[in-house]
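Chemist: Sequence below, structure please.
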Amino acid sequence: MAKGSDLTPVRRQYLQIKKQYPDAIVFFRLGDFYETFDEDAKLVSEVCDIVLTSRPVGKGQRVPLAGVPYHAVEGYIAKLIGAGYKVAIAEQLGEATSRGLVPREVVRVVT
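Modeler: As a prediction, the model looks like this:
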């Protein structure tokens, strides 16, 4: 696993949010998509029957990724809730910082 300093700013931001909601599947807004990573991505891919791919997160490292368009997210959330999972929705809030990172935080937890 890459060291914290080797990770992309978006990856570090995601990990901070996931640490706050370890028992929920985190839907992380990136532009027009909500993306899930790591074990969450594997689970979402299986339960929602969507493609599991990967994303670079640092020096030569990739992690599992499963994403859905923002306009279709409610159907996927309903499927996960119906299967007994909790979902945390992390939205983009405001504009990118000087480092180019868009602030994000969980705005809703669905159970």
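
Chemist: Just the buried residues of the lowest-mean-pLDDT helix or strand in the chain, please?
Modeler: Ranked by mean pLDDT, DSSP states H and E, the weakest helix or strand in the chain is strand 53-58, scoring a mean of 91. Within strand 53-58, the residues that count as buried by 16 or more other Cβ atoms under 10 Å are 55, 57-58. From N, CA and C alone the C-beta is placed, and that goes for glycine too.

Chemist: what do you get for stretch 103-110?
Modeler: Those would be 104, 106, 110, for stretch 103-110 by 16+ other Cβ under 10 Å.

Chemist: what's the answer for stretch 47-67, then?
Modeler: Under the neighbour-count criterion of 16+ other Cβ under 10 Å, stretch 47-67 has 47-48, 55, 57-58, 63-67 buried.

Chemist: mind checking the end-to-end distance for that stretch?
Modeler: 13 Å (Cα to Cα, to the nearest Å).

Chemist: Look through the chain and report the residue furthest from the middle.
Modeler: Distance from the C-alpha centroid of the chain, by Cα atoms, centre = their mean, peaks at Ser98 (22.4 Å).

Chemist: and that residue, helix, strand or coil?
Modeler: Secondary structure, DSSP: H, G, I helix; E, B strand; the rest coil: Ser98 is coil.

Chemist: quick one: it and Leu15, what's the gap?
Modeler: The gap separating Ser98 from Leu15 is 21 Å, by Cβ to Cβ, to the nearest Å.

Chemist: okay, now Ala90: neighbour count?
Modeler: 23 (other Cβ atoms under 10 Å).

Chemist: so what strands line up beside the host helix or strand of it?
Modeler: Under the criterion of DSSP states H and E, Ala90 resides in strand 87-92. Here strand 87-92 has these sheet partners by DSSP bridges: strand 25-30 (parallel), strand 104-110 (antiparallel).

Chemist: Thank you kindly, that will do.
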